[in-house]
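Participant: Below is the sequence, then the predicted model.
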Amino acid sequence: MKFAESIYEALTDEEDARLCKEIGEDACQEAPQSFVFILFSYCLTKLGDAIASPKTTLAWLVSVVGAPAFVLGLLVPIRESGSMIPQLFIGGIVRGLSVRKWVWVAGSAGQAACIVGIGFVAISLSGAAAGWAILGLVILFSLFRGFCSVAAKDVLGKTIPKRKRGQLNGWSASAAGLLGIGVGIILMMPASGELGRSFLGILLFGAGLLWLVAAAIYSGVSEYPGETGGGRNILDALGQLRLLATDAPFRRFVTTRALLMCSALSAPFYIALAQQRFGSPGYLLGAFIIAAGVAGLVSAPVWGRYADASSKSVMISAALITSGIGLAVFLVSRFLPDLGGTLWFLPVTYFVLSLAHSGVRVGRKTYVVNLASGNKRTDYVAISNTVIGVLLLMVGAVGALSPLIGNDGVIGLLALMGLAGAAYGTTLPDV
């Protein structure tokens, strides 16, 4: 496909689209088309994510349908950890398949069904029934997302040359940033306060359709049969945790990734600190979302190219930026309150944090794909995501310290966690 080759060469700055050593000759010839199909699929699912975000649309819906307050607090942790914790067992299923793109296709169709289901909840249910239905569908959505996560990294490793994987992740993250800007602009508009249940339901139906279209496009990826090792039962899957004890490079990666959770965990406290100072006007939340969107848009392609040169260095650099901006916010909040109280300060620092978080995501995704091949890559992805999912629920409890040390204190504490991650990241092998 000349069209795919043109996009591939433009986005990867590669005149010869056939330079690849890590994948088979057949996959190498199809790499431009696979690159474009995966990129378009990722962009559509990221648009769906932006529309059905638990931080915006689903949180809004919980209030509109009158669901219990605890539902709101569970949306984000369930969405994130619910897709990662089961991956240790999901990996045992996926590793028995020689062609794994169909796992992603089925997982995307499942996510579509869940989002459409939430759309029906928006239109037809209220109160506790609506709340429990939303949580149940979010749990199912996260499970399907977990299957997609495991399969996606392995398909990426089998179809895209090593020095192009970071760029693909980077461009897809950049597209997500552009979409985030649109979401932020909508939130800043007065009309956003008038969204009713029917409109939200239709919006979610549209988001579900995006996942279905993405599944159709992804089915065209040219993945050739690869290594299989047979499926695993639950005990066998749990036994794979021994890799954390026996595989030093992998253990260092998981430890570093755990410490780098600070970039994601600290973000809500920037917003909470702003709300503490300025209240909760819609334009303020919109400003933060736009800041994150602009950061992803401008930084992700740069991080992607950097990751193709050294994904280890990307993680270290991003951790240092996270820590630096977090410590700056803490010190300004405590010792320069006039500066910290300006309307622009926190959105600008949030923009820098979002730049760093984009680097963390692109760097660690590229690193784990390059760290191994075949079924070992599948094991690495599944084990690391499962462990991080559990730790996310545990470390996320750091918010309970905010009444004692304040939101700025939590930001400072997580910044120190990032410094530890940058230091430990230097022990990672180059891949």
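Facilitator: Perfect, I can see it now.

Participant: got the CA positions of stretch 36-46 in CSV?
Facilitator: As requested, the backbone C-alpha atoms of stretch 36-46 are provided in CSV (Å, rounded to 0.1, in the frame of the first residue of the first chain):
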residue,chain,number,x,y,z
VAL,A,36,-0.5,2.6,9.9
PHE,A,37,-3.3,0.1,10.9
ILE,A,38,-2.0,-0.1,14.5
LEU,A,39,-1.7,3.7,14.7
PHE,A,40,-5.2,4.3,13.4
SER,A,41,-6.6,1.7,15.7
TYR,A,42,-4.8,3.3,18.7
CYS,A,43,-6.1,6.7,17.8
LEU,A,44,-9.7,5.6,17.6
THR,A,45,-9.5,3.8,21.0
LYS,A,46,-7.8,6.8,22.5
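
Participant: Could I get the average pLDDT for that stretch?
Facilitator: On average, the pLDDT along stretch 36-46 is 85.

Participant: next one: stretch 65-74
Facilitator: Mean pLDDT, stretch 65-74: 71.

Participant: Pretty sure residue 310 sits against residue 430.
Facilitator: Yes. Assessed by Cβ atoms under 8 Å, residue 310 is found in contact with residue 430 at 6.6 Å. To be clear about C-beta, it is placed using only N, CA and C from the backbone, and glycine gets the same treatment.

Participant: Between those two, point out the one with more neighbours.
Facilitator: Higher neighbour count among residue 310 and residue 430: residue 310, with 17 against 9, using other Cβ atoms under 10 Å.

Participant: Helix or strand next in line after the host helix or strand of the more buried one, which one?
Facilitator: Residue 310 belongs to helix 282-335 when assigned by DSSP states H and E. Using DSSP H and E, the helix or strand that follows helix 282-335 in sequence is helix 337-340.

Participant: What helices and strands are in contact with the helix or strand just after that following helix?
Facilitator: Scanning forward in sequence from helix 337-340 by DSSP H and E, the next helix or strand is helix 345-371. On a contact count with 3 or more Cβ pairs under 8 Å, 6 or more residues apart in numbering; DSSP states H and E, helix 345-371 meets helix 127-159, helix 162-188, helix 248-259, helix 262-265, helix 267-278, helix 282-335, helix 374-395.

Participant: Would you single out the least confident of these?
Facilitator: Of all those, mean pLDDT reaches its minimum on helix 162-188 (a mean of 72).

Participant: Run the angle between it and helix 127-159 for me.
Facilitator: Angle of helix 162-188 versus helix 127-159, following axes from the mean of the first three to the mean of the last three Cα atoms, to 10 degrees, is 150 degrees.

Participant: Against which helices or strands is helix 162-188 packed?
Facilitator: So helix 162-188, by 3+ Cβ pairs under 8 Å, 6+ apart, packs with helix 2-12, helix 31-51, helix 127-159, helix 282-335, helix 345-371.

Participant: Of all these, which one is nearest residue 80?
Facilitator: Distance to residue 80, taken as Cβ to Cβ, is lowest for helix 127-159 among the helices and strands packed on helix 162-188, at 7.7 Å.

Participant: And residue 152, how close does it get to residue 37?
Facilitator: The gap separating residue 152 from residue 37 is 12 Å, by Cβ to Cβ, to the nearest Å.

Participant: nope, residue 311 is what I meant
Facilitator: Taken as Cβ to Cβ, the span from residue 311 to residue 37 is 23 Å.

Participant: With residue 377 instead?
Facilitator: Counting by Cβ to Cβ, the gap from residue 377 to residue 37 is 20 Å.

Participant: do the same with residue 208
Facilitator: Distance, residue 208 to residue 37, using Cβ to Cβ: 20 Å.

Participant: Let me see the contact set for residue 348.
Facilitator: Shown in contact with residue 348 (Cβ atoms under 8 Å, 6 or more residues apart in numbering): residue 291.

Participant: again, only using 10 Å
Facilitator: 287, 291, 325, 342 (Cβ atoms under 10 Å, 6 or more residues apart in numbering).

Participant: picking up where we left off before, would you mind listing the residues touching both of residue 152 and residue 37?
Facilitator: In contact with both residue 152 and residue 37: 101, 218, using Cβ under 10 Å, 6+ apart.

Participant: Contacts only, for the residue nearest to residue 294 when sequence neighbours are not counted.
Facilitator: Leaving aside its chain neighbours, residue 294 sits nearest to residue 181 (6.2 Å; criterion: Cβ to Cβ, 6 or more residues apart in numbering). Residue 181 sits next to 50, 286, 289-294, 296-297 when contact means Cβ under 10 Å, 6+ apart.

Participant: Compare residue 311 and residue 37 and say which is more crowded by neighbours.
Facilitator: Taking other Cβ under 10 Å, residue 311 and residue 37 do not tie; residue 311 has more neighbours (28 against 22).

Participant: In this structure that one contacts residue 365, no?
Facilitator: Yes. With contact defined as Cβ atoms under 10 Å, residue 311 counts as touching residue 365 (8.3 Å).

Participant: ok, back up a step: what about the contacts of residue 181, which one has the most neighbours?
Facilitator: For the contacts of residue 181, neighbours were counted using other Cβ under 10 Å, and residue 296 has the most, 29 neighbours in all.

Participant: So that residue versus residue 262, what's the distance?
Facilitator: On the measure of Cβ to Cβ, residue 296 and residue 262 end up 18 Å apart.

Participant: okay, which residue is most central for this structure?
Facilitator: residue 361 (7.0 Å; Cα atoms, centre = their mean).

Participant: so how far is residue 127 from it?
Facilitator: For residue 361, the distance to residue 127 (Cβ to Cβ) stands at 37 Å.

Participant: circling back to that earlier point, can I get the helices and strands packed on helix 345-371 in TSV including distance to residue 120?
Facilitator: Listed next are the helices and strands packed on helix 345-371 as TSV, based on distance: least, Cβ to Cβ, whole Å:
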stretch	distance to residue 120
helix 127-159	9
helix 162-188	23
helix 248-259	37
helix 262-265	31
helix 267-278	29
helix 282-335	27
helix 374-395	28
